[in-house]
Structures are given as C-alpha cells and as structure tokens.
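A.B. asks: this one's structure only:
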C-alpha cells in the first residue's frame with residue numbers, strides 16, 4: 001500500500017489521476033507520505049485493531065448470554 005511506502009502497480013493510474021484532479025488533497029502533502037511515518041501508522045493500526053477485537057469479544061459475550 002502506498003501509505004506504507006509500497007507502490008501497488010495496479011493502483012498507480014488511479015493515484016496519478018487523483019493527483020491531477022485533486023492536487024490540494026491533504027493526503028498528497030509530502031509530510032503525509034513520508035516513509036518515516038510508517039512505524040507510527042503501524043502502532044496506530046495495531047491499537048485500533050486491538051480496540052476492535054476487545055469490542056467484538058464484548059459483543060460475542062453479550063450474544064452468548066442472550067442465547068442462554
């Protein structure tokens with residue numbers, strides 16, 4: 001994925017077209033595509049995945065209680 005510093009060839013035409021049509025989009029700012037941000041992105045993703053897993057576990061426990 002481009003946000004993780006990897007180019008995905010099949011998305012390049014779309015990415016380039018978006019740059020042409022929406023050059024002011026914040027996602028194209030050089031400070032938003034800096035590879036140095038990858039560790040921060042991974043930490044944020046892991047944190048969010050953990051939060052979602054905890055929420056899912058709560059939902060599953062509630063569902064089991066209702067089924068009893």
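C.D. replies: Received the coordinates, thanks. Bear in mind the structure is a predicted one, so any value in this text is a computation, not a measurement.
A.B. asks: Quick check: which ranges of the protein have low pLDDT?
C.D. replies: 1-5 (pLDDT under 70).
A.B. asks: And the residue nearest the centre of it?
C.D. replies: Centroid check for the chain by C-alpha atoms, centre = their mean gives residue 45 as the closest residue, at 6.7 Å.
A.B. asks: tell me which element that one is part of?
C.D. replies: Element membership for residue 45 (DSSP states H and E) is helix 38-67.
A.B. asks: chain center to that helix, what's the gap?
C.D. replies: Remark: helix 38-67 is offset 15 Å from the chain centroid, using C-alpha atoms, centre = their mean, to the nearest Å.
A.B. asks: for stretch 60-68, same thing?
C.D. replies: Averaging C-alpha positions (C-alpha atoms, centre = their mean) puts stretch 60-68 31 Å from its chain's average.
A.B. asks: Next: stretch 26-38.
C.D. replies: The answer for stretch 26-38 is 13 Å, by C-alpha atoms, centre = their mean.
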